[in-house]
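> Need a 3D model of the following:
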Amino acid sequence: MYIYQLPFEINRELCRILDHSDYWEELAGNHMKYSPLDVIELKQTARKNDLSPTEMLLTRWGQLNHKVEELFLLLYHMEHVPALRCLSSLVDSRFVKLMRKLERKKGITNSKNNGSNENGNKHSTVKADGTCSSIPLPVVLIDQGVHVSSHGHAGNSPSIESSTDTSRNTSSTQDGNDDDEIIKNVSAIPRMSYNELREATNDWSDSNLLGRGGFGQVFKGEWKHLPVAVKRLRDNDGRNKELIREMCLNQYRHDNILPLYGYSLGGPEVCLVYQLMMGGSLEQRLRCKTHHPPLVWHQRYRIAHGVARGLQYLHNMAGTPLIHGDIKPANILLDQCLMPKIGDFGLARKGPYGEDRTHLKVSKVYGTRPYLPDEYLRSRCLSPAVDVFSFGVVVAEMATALAPLDRARASPLLSAYLHLLHQDRVDFASLEDPLLYGTANSNPLLCRQFMSIAIDCTKYARYERPSMLDVYKRLDVMELPGKYFVQGGI
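Alright, predicted model coming up:
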C-alpha cells in the first residue's frame, strides 16, 4: 500500500500521534533525510494554514511513491511504538514481529487494536519514553502549560476526538463538540502541586486514611484551609482512565454529584482532590462503622431521593446518557447535612447514542458483582438500566440493612433473595432495619414503599425496569413525617 492510500482514520490518528511533541520533525530530519530548511518550511506552512505538519510531511513524501512498509521501518528505527501500532494492521506479519520485539525491549505490555484500550479509545497520547498513555492530549498539553484554543488546537497539534463505545454512531460534529467540552472543562480545573497535597495529608499519614478502592487510596487533608479528600491513584494505566473520566465529568455539575476541586499530574502518583464529605459514606452509616446514630427514615428517604435525582440527571443529559456503572453504598457520600453525592466515576461510560439504541456491548464488565444485573454480567449489555438495578439493591439495603451478598441465605444475592420473598408474599415491613424495627423511629409503610421500588428496579429483564426519572418521580410524591426536615444532619 502506498502512503497516499492510507485510510483516513489511520492517517488522522498517525498525524495526531506524531504532531504531539513534534515527533514528525525527528521523522523528517533524521530518517526521511529532509534538510533543516525543509523542516522549517513545513512547520511554518502548517502553522500559517492551521494544518497538521505530519499530514503535510506524509503528503510530500507520499508523492515520491513511498509505501506504508517503508514508513513502518522508519518509525521502527525511531522506536516509536504508538505510531507503529497505528500502522500494524496495514503491514505484513513480519513487520508486526519487529514491533513486538521492540515492545519487549522497551517493556511495553502488548495491546490490541493498535493501542486502543478496552473501551475502544484509540486516542492515546505519547509519553516521553514512547509508551502510550490514556490521558488525552488536552490534559497533557494543559499540564505542560500549552495554551489550548476553544477549537482544540495547540500550536501545530490537531484537535483530538471524543472516544466512547458509541463513537461510531456519532457524527463528526458531535465529536468536535465533545472535544471542546473536554478542553473547556479540563482547562477550568485547578492544577495542584503534589508536594502541597502531600503536606495537606500530613505526608499521607495513616491517621488521615479514609478508605481504599480499586484505583488507590483516599486521604483526608486540609488544602489552603479547605477540608478536602485526596484520591491518590495507583501507578498503573487505570489511574489515567480514572483521571480523564473524573476530569471530563467535571462538566456535570449537580447538587448530588461529588465535585472535583482539582488534580495533580506529574508527581510520583496522579491525585484527584474532592470536597470532603463529613457525613462519611452510606455504607459506613448503614453498617454503623462511625460514631453517628443510626439513620432515621426521613434521612434515608432524603438520601434515596437525592441519589435518584443525581442518576436521572446523568441518564437524561442532552445527547448521550452517562452510566455510572458502580452505584453502591460505598460510592454514595454524605455531607454534614446528609445530602448525598454520587462519587467515584472511575467506571463511568457513555451509554447508547440515539433514541433508536437501547444498549451497547462492551468488551469487559466492571463493577461490584452483587449490584450488577445478569444482562451486563453475562452478555456485556450496558445501558442505564444497569444503574437502575444497582439503585434497587441500594434501596433494599437502606430499608433492611441486609448485606448485598450473604451465602447463608436461600439466595446469596440480595436482589434474587428479595424476589423469592416477594413470590412468597412476605410482608417486607418485617424486614425493616433492626435498628429501627419496633422503635419509635419505625415506619412500616415507608419500608414497604422502598422495597416495592427495589423489586421493580431489580427485575430480571432490563426493559421491565423503570427509568431513573420514573423512580425519582415515585420517590418525590411520597409523604412522610420530616420529609423536608434539613437540620441536625450528622
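> Against which helices or strands is the longest helix belonging to the chain packed?
Using DSSP state H, we find that the single longest helix of the chain is helix 297-315. Applying 3 or more CB pairs under 8 Å, 6 or more residues apart in numbering; DSSP states H and E, we find helix 297-315 packed against strand 322-323, strand 332-334, strand 340-342, helix 384-400, helix 444-457, helix 468-476. The way it works is simple: take the backbone N, C-alpha and C, and place the C-beta from them, glycine included.
> how about I257, phi and psi?
Dihedral angles of I257 (phi, psi; degrees, to the nearest 10) stand at phi -120, psi 130.
> Give me the distance between it and L27.
Per CB to CB, to the nearest Å, I257 is found 44 Å from L27.
> T290 now?
In terms of CB to CB, T290 sits 58 Å off from L27.
> With neighbour numbers in mind, choose between the two.
L27 (24 against 12; other CB atoms under 10 Å).
> from what I can see the more buried one touches L58, true?
No. Between L27 and L58 there is no contact under CB atoms under 8 Å: 9.4 Å.
> that older thread, as JSON lines, the helices and strands packed on helix 297-315 with mean pLDDT, mean neighbour count and distance to M32 would be great.
As requested, these are exported to JSON lines (pLDDT from 0 to 100; neighbours: other CB atoms under 10 Å; distance: least, CB to CB, whole Å):
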{"stretch": "strand 322-323", "mean pLDDT": "89", "mean neighbour count": "25", "distance to M32": "44"}
{"stretch": "strand 332-334", "mean pLDDT": "95", "mean neighbour count": "26", "distance to M32": "54"}
{"stretch": "strand 340-342", "mean pLDDT": "96", "mean neighbour count": "24", "distance to M32": "51"}
{"stretch": "helix 384-400", "mean pLDDT": "97", "mean neighbour count": "26", "distance to M32": "49"}
{"stretch": "helix 444-457", "mean pLDDT": "97", "mean neighbour count": "20", "distance to M32": "60"}
{"stretch": "helix 468-476", "mean pLDDT": "96", "mean neighbour count": "18", "distance to M32": "55"}
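> For N49, find the nearest of these.
With distances scored as CB to CB, the stretch of the helices and strands packed on helix 297-315 nearest to N49 is strand 322-323 (36.9 Å).
> which ones are touching the residue nearest to N195 when sequence neighbours are not counted?
Spatial nearest neighbour of N195, excluding adjacent residues (CB to CB, 6 or more residues apart in numbering): G267 at 7.5 Å. Contact analysis of G267 by CB atoms under 8 Å, 6 or more residues apart in numbering lists S193, Y194, N195.
> Apply the buried test to the residues you listed and list what passes.
With neighbours counted by 16 or more other CB atoms under 10 Å, the contacts of G267 contain buried members at Y194.
> same for the helix or strand hosting E26, what does it pack against?
For E26, the host element (DSSP states H and E) is helix 23-26. Judged by 3+ CB pairs under 8 Å, 6+ apart, the packing partners of helix 23-26 are helix 53-62.
> Next SSE downstream of the helix it packs on?
Scanning forward in sequence from helix 53-62 by DSSP H and E, the next helix or strand is helix 68-78.
> what sits up against that next one?
Helix 68-78 is contacted by residues 1-3, 5-6, 23, 26-27, 30-32, 58, 61, 83-84, 87, 90-92, 95, 98-99, 102 when judged by CB under 8 Å, 6+ apart.
> With stretch 449-463 instead?
Applying CB under 8 Å, 6+ apart, the external contacts of stretch 449-463 come out as 300, 304, 358-359, 373-375, 381, 383, 385-386, 388-389, 391-393, 395-396, 398-400, 415, 418-419, 422, 428, 431, 465-466, 471, 474-475, 478.
> distance between the ends of that stretch?
21 Å (CA to CA, to the nearest Å).
> Check the offset of that stretch from the chain's centre.
On the basis of CA atoms, centre = their mean, to the nearest Å, stretch 449-463 sits 26 Å off its chain's mean C-alpha point.
> Repeat that for stretch 366-379.
17 Å.
> Tally up the residues packed near the nearest residue to N331 once chain neighbours are set aside, please.
Excluding its sequence neighbours, the residue lying closest to N331 (CB to CB, 6+ apart) is D344, at 4.4 Å. The tally of other residues near D344 (other CB under 10 Å) stands at 26.
> Please apply the same query to the one 3 residues further on.
Around L347 there are 20 other residues, counting by other CB under 10 Å.
> how about it, secondary structure?
Classification of L347 by DSSP: H, G, I helix; E, B strand; the rest coil places it in coil.
> List phi and psi for it.
Per degrees, to the nearest 10, the backbone of L347 is at phi -110, psi 10.
> any idea how this protein splits into domains?
Per automatic domain parsing, the structural domains of the chain span 3-187, 194-275, 282-476.
> before we move on, back to that, of the contacts of G267, which belong to helices?
Short answer: those in helices (DSSP H) are Y194, N195.
> Show me the shaky parts of the stretch 101-250 of the chain.
The stretch 101-250 of the chain contains residues with pLDDT under 70 at 108-188, 213-214, 235-250.
> go with 80
106-189, 212-216, 234-250 (pLDDT under 80).
> what about the closest residue in space to L226 that isn't next to it in sequence, distance to V273?
Leaving aside its sequence neighbours, L226 sits nearest to Y261 (CB to CB, 6+ apart; 7.6 Å). Distance of Y261 to V273, computed by CB to CB: 5 Å.
> Name the residue in those two with the higher neighbour count.
More neighbours surround V273 than the other of Y261 and V273, with 24 against 19 (other CB under 10 Å).
> quick revisit: what is in contact with Y261 and V273 at once?
Among the neighbours of Y261, those also in contact with V273 (CB under 8 Å, 6+ apart) are W223, V228.
> now the strands for the stretch 151-300 of the chain?
With DSSP state E, counting those that start in this stretch as the criterion, the stretch 151-300 of the chain has strands at 209-213, 216-223, 226-233, 260-264, 271-275.
> now for these, which one comes closest to D19?
Nearest to D19, of all those, is strand 260-264, at 24.5 Å by CB to CB.
> Summarise which helices and strands the closest one is packed against.
Counting contacts by 3+ CB pairs under 8 Å, 6+ apart, strand 260-264 is packed against helix 194-200, helix 237-248, strand 271-275.
> Taking strand 216-223 as reference, get the angle to it.
Orientation check (axes from the mean of the first three to the mean of the last three CA atoms, to 10 degrees): strand 260-264 against strand 216-223 gives 100 degrees.
> and the angle from strand 260-264 to strand 226-233?
Taking the same axes, to 10 degrees, one finds that strand 260-264 is oriented at 50 degrees with respect to strand 226-233.
> Centre of the chain to strand 260-264, how far?
Here strand 260-264 is found 15 Å from its chain centre; the criterion is CA atoms, centre = their mean.
> next one: stretch 468-484
Counting by CA atoms, centre = their mean, stretch 468-484 is centred 29 Å from the centre of its parent chain.
> since we're on D255, how many residues are nearby?
Using other CB under 10 Å, D255 is surrounded by 12 other residues.
> Going forward, the N-terminal residue is numbered 39.
Understood, numbering begins at 39; the last thing we discussed is D293.
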